[in-house]
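Student: my questions are about this predicted structure, shown below with the sequence.
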Amino acid sequence: MIKTEYYEIDPAKSELPDETGDYITLDEQYTGMSSALKCSDKVKMEKKDLSENSIVRKEWFCLECGKSFSQERYLKIHKKAHVRSKLKFAEKHKNLGIICMECKKTFTQHSHLQKHKLIHTGEKPYSCDVCKKSFRQMGTLTIHQRIHTGEKPHKCPICGKAFRHLVGMTNHKSTHTGEKPYSCAECGKTFRLFVNFKSHERIHSGEKPYCCSVCGRSYRLSSSLKVHERIHTGEKPYFCNDCGKAFRSSSDLGKHKTVHTGEKPHSCTECMRTFRTFGNFKQHQKIHTGEKPYKCPECPKRFIRSNAMKQHLRIHTGEKPFSCADCGIRFSNSASLTRHQDRNHSLK
């Protein structure tokens, strides 16, 4: 169990002890954090009450990703991961000059970088005059406006079907030809759909441009971020017609439905055990091979699943990225958060 450190504050002083035993001066108008600390990666102060025998909790946070920790040593362990990531990235891309400092993606032109930065800022400066929907790029707005005009300038040369944009037509044409026109320069894997190709590229680059504003966790896909955000909001829009149980994503609902049908389409050739989902089947196979590809960077322990390793790593870092939207209690994994919400807030 990780112990949270507290410090007794003398109300006669407008100061807080730092990690060296020196004092950090608070603002006269205390706003939750000293202005001197806003740009620091050392401490974050949470005010309870600056009356006699007040208690102020000392919390350490990382300026790289915003994650917070109860002790300095946990922050130091966490920051090593950023250092390793930067060194690896620098070695791989040492000959490339234009880099996004938010996600480390590289570009050949500064104009491309400026467009990309809008992903991180959330700015959408181009707005549709008809429906007021806004977009990051002018080109995307132009394609969107064809919804209102009905314009479909790109026709399939095989069947004549028309599309609003070229990518849609190219994707459609491959259904006739079986062509996979998008090829990964890193591994050679080919794709029929451009969106799948771009998602795959991020596996190699490590780019995760879609960041959760609540806990700082980032994702390769915007759709993955939307599903993740429902952990914080508690939203579960997908309902099972058989039992009424609700789920955060359609894929979770699909997996659940096999509980009612009893279907287990994935069978292990080693022991003949069957599984409802392909993911569980693939994880099971590693039991027979003995493969444990995911090693904890802080201790020798290895894991079959990456999620198990990440959850274990939080023992070292003290990280609790999952926060209850109702009461603010934080948890190290989503399963614990879900159990907490079901037990304490399910009637709300």
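Tutor: On my side now, so go ahead. Numbering: from 1, shown residues only.
Student: hey, what's the residue nearest the centre of the chain bridged with?
Tutor: Centroid check for the chain by CA atoms, centre = their mean gives S218 as the closest residue, at 2.5 Å. For S218, the beta-bridge assignment (DSSP bridges) gives partners C211.
Student: tell me who's in contact with it.
Tutor: C65, C103, K208, P209, Y210, C211, C212, L225 (CB atoms under 8 Å, 6 or more residues apart in numbering). For every residue, glycine as well, the C-beta is placed using N, CA and C.
Student: against E207, how distant is it?
Tutor: 9 Å (CB to CB, to the nearest Å).
Student: find residues that contact each of those two.
Tutor: Contacts common to S218 and E207, judged by CB under 8 Å, 6+ apart, are C103.
Student: let me have the contacts of S218 in TSV, extended by distance to S251, pLDDT and neighbour count.
Tutor: Formatted as TSV, the contacts of S218 follow (distance: CB to CB, whole Å; pLDDT from 0 to 100; neighbours: other CB atoms under 10 Å):
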residue	distance to S251	pLDDT	neighbour count
C65	26	68	16
C103	25	73	19
K208	19	81	17
P209	22	81	18
Y210	17	83	20
C211	22	84	19
C212	19	86	16
L225	15	89	18
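Student: which of the residues you listed sits closest to P300?
Tutor: Nearest to P300 among the contacts of S218 is C65, at 25.7 Å by CB to CB.
Student: next up, the contacts around C240.
Tutor: A246, F247, L253, H256, K257, H260.
Student: recalculate using a threshold of 7 Å.
Tutor: L253, H256, K257 (CB atoms under 7 Å, 6 or more residues apart in numbering).
Student: kindly report the domain assignment for this protein.
Tutor: Using automatic domain parsing, the domain ranges for the chain come out as 6-70, 292-348.
Student: weakest of those by average pLDDT?
Tutor: Ranked by mean pLDDT, the domains of the chain bottom out at domain 6-70, which scores a mean of 42.
Student: dump the residue contacts of K155.
Tutor: Per CB under 7 Å, 6+ apart, neighbours of K155: A162, M169.
Student: what pLDDT does it get?
Tutor: Per-residue pLDDT puts K155 at 88.
Student: S183: what's its closest spatial neighbour, skipping adjacent residues?
Tutor: T190 (4.9 Å; CB to CB, 6 or more residues apart in numbering).
Student: typo on my end, H200
Tutor: Nearest to H200 is C184, by CB to CB, 6+ apart, at 5.9 Å.
Student: what's the burial count for that neighbour?
Tutor: Neighbour count of C184, defined by other CB atoms under 10 Å: 14.
Student: what sits against S127?
Tutor: S127 neighbours (CB under 7 Å, 6+ apart): S134.
Student: show me what it is bridged to.
Tutor: Residues in beta-bridge contact with S127 (DSSP bridges): S134.
Student: where exactly do the helices run in the stretch 151-300 of the chain?
Tutor: 166-177, 194-205, 222-233, 250-261, 278-289 (DSSP state H, counting those that start in this stretch).
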